[in-house]
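Asker: Build the 3D model from these lines:
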Amino acid sequence: MNQLFVILVLTNFLKTVGIIVVIYFGLKFIGRLLFPIVVKKAVNNMQARQTQYQRHQQNKQEGEVTVEKNRSQQGRTNSAEGEYVDFEEVD
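Answerer: Now for the predicted structure:
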């Protein structure tokens, strides 16, 4: 009875290790296929943003001043906090 239990435990352990190894190599193979696609898409997205920024800069008049706020930080600012101003003490 004790030997049967040991054999069952070992077979289940080996099945688990086998499944983990198959999943690892499967993810590694899929990663090799998808990684270049994801990187290419990210590079194209960055190039499009840079092109759009350059076009925006070319359309500005010389001496024109604009203030642009980051959209992701607009909702997080609290008007009660105020604005931090760095200063130096003058002797």
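
Asker: contacts and neighbour counts: CA atoms only from here.
Answerer: Will do.

Asker: distance of the residue nearest the centre of the chain from residue 21?
Answerer: Central residue of the chain (C-alpha atoms, centre = their mean): residue 42, 10.5 Å from the mean position. In this view, residue 42 and residue 21 are 30 Å apart by C-alpha to C-alpha, to the nearest Å.

Asker: Residue 7: how many residues sit nearby?
Answerer: Residues lying near residue 7 (other C-alpha atoms under 10 Å) number 11.

Asker: circling back: packing partners of whatever helix or strand the residue nearest to the centre of the chain lives in?
Answerer: Take DSSP states H and E as the rule and residue 42 turns out to sit in helix 2-59. With contacts taken as 3 or more C-alpha pairs under 8 Å, 6 or more residues apart in numbering; DSSP states H and E, helix 2-59 sits against no other helix or strand.

Asker: Make 543 the first number, not 1, from now on.
Answerer: That works, and once the first residue is 543, the last one we named lands at helix 544-601.

Asker: chain center to that helix: distance?
Answerer: Mean C-alpha position of helix 544-601 versus that of the full chain (C-alpha atoms, centre = their mean, to the nearest Å) differs by 14 Å.

Asker: so where does residue 603 fall, helix or strand?
Answerer: Here residue 603 is assigned to no helix or strand, by DSSP H and E.

Asker: Quick check: phi and psi at it.
Answerer: Residue 603 adopts backbone torsions of phi -80, psi 150, taken as degrees, to the nearest 10.
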